[in-house]
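Below are the sequence and a predicted model; questions follow.
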Amino acid sequence: MLGEGVDREWAYTIDLGHERLIKTVVGFKKLFVDEAEDDYAFLCEFAWGLVLAYAGRTDNDEGMKYAATTTAEALANAGVLISDQKAIAADGVLILAEASIPAHVPEE
């Protein structure tokens, strides 16, 4: 739970911080796009798809936030170079994608 009062929201994390998982996801790249596409960019697009799967919710009475994360270490171990200037947190975590879903107040 983040925030207080009307600004509070539930936060959920999709953990993509495992070398084997990253290699598997990047392996899907050849099925969907040109293999020349940057591995990190593809991983971010894949993560975006995961969080967007929840973005259409309309049954939540509190705000929700979904984030797909990984670590710089897991990316390095999987041989994936970070191709943009995303900030790496002090603990090595990177947010690949995130989506916030506002609360939906039921109509009476």
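Okay, I see it. Numbers count the residues shown, from 1 in each chain.

which helices and strands sit right next to the helix or strand L21 falls within?
Taking DSSP states H and E as the criterion, L21 maps to helix 19-27. Applying 3 or more C-beta pairs under 8 Å, 6 or more residues apart in numbering; DSSP states H and E, one finds that helix 19-27 contacts helix 39-55, helix 72-77. Bear in mind the C-beta positions are built from the backbone N, C-alpha and C, glycine included.

Rebuild those as JSON lines, extending it with mean neighbour count, distance to A87 and mean pLDDT.
What follows is these, written out as JSON lines (neighbours: other C-beta atoms under 10 Å; distance: least, C-beta to C-beta, whole Å; pLDDT from 0 to 100):
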{"stretch": "helix 39-55", "mean neighbour count": "17", "distance to A87": "14", "mean pLDDT": "91"}
{"stretch": "helix 72-77", "mean neighbour count": "17", "distance to A87": "11", "mean pLDDT": "94"}
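
out of the ones you listed, which comes closest to L21?
Among those, helix 72-77 comes nearest to L21, with 8.1 Å by C-beta to C-beta.

List the neighbours of the helix or strand of the chain with the lowest mean pLDDT that are in contact with it.
The helix or strand of the chain with the lowest confidence, counting by mean pLDDT, DSSP states H and E, is helix 29-32 at a mean of 84. Identification of contacts with helix 29-32 by C-beta atoms under 8 Å, 6 or more residues apart in numbering yields 35, 37, 39, 42.

Identify, from the residues you listed, the entry nearest to L94.
Closest approach between the contacts of helix 29-32 and L94, by C-beta to C-beta: D39, at 13.7 Å.

Let me see the contact set for the closest one.
Residues near D39 by C-beta under 8 Å, 6+ apart: 26, 29, 79-81.

For those, work out which two are farthest apart.
Farthest apart among the contacts of D39 - using C-beta to C-beta - are K29 and L81, which lie 14.2 Å from each other.
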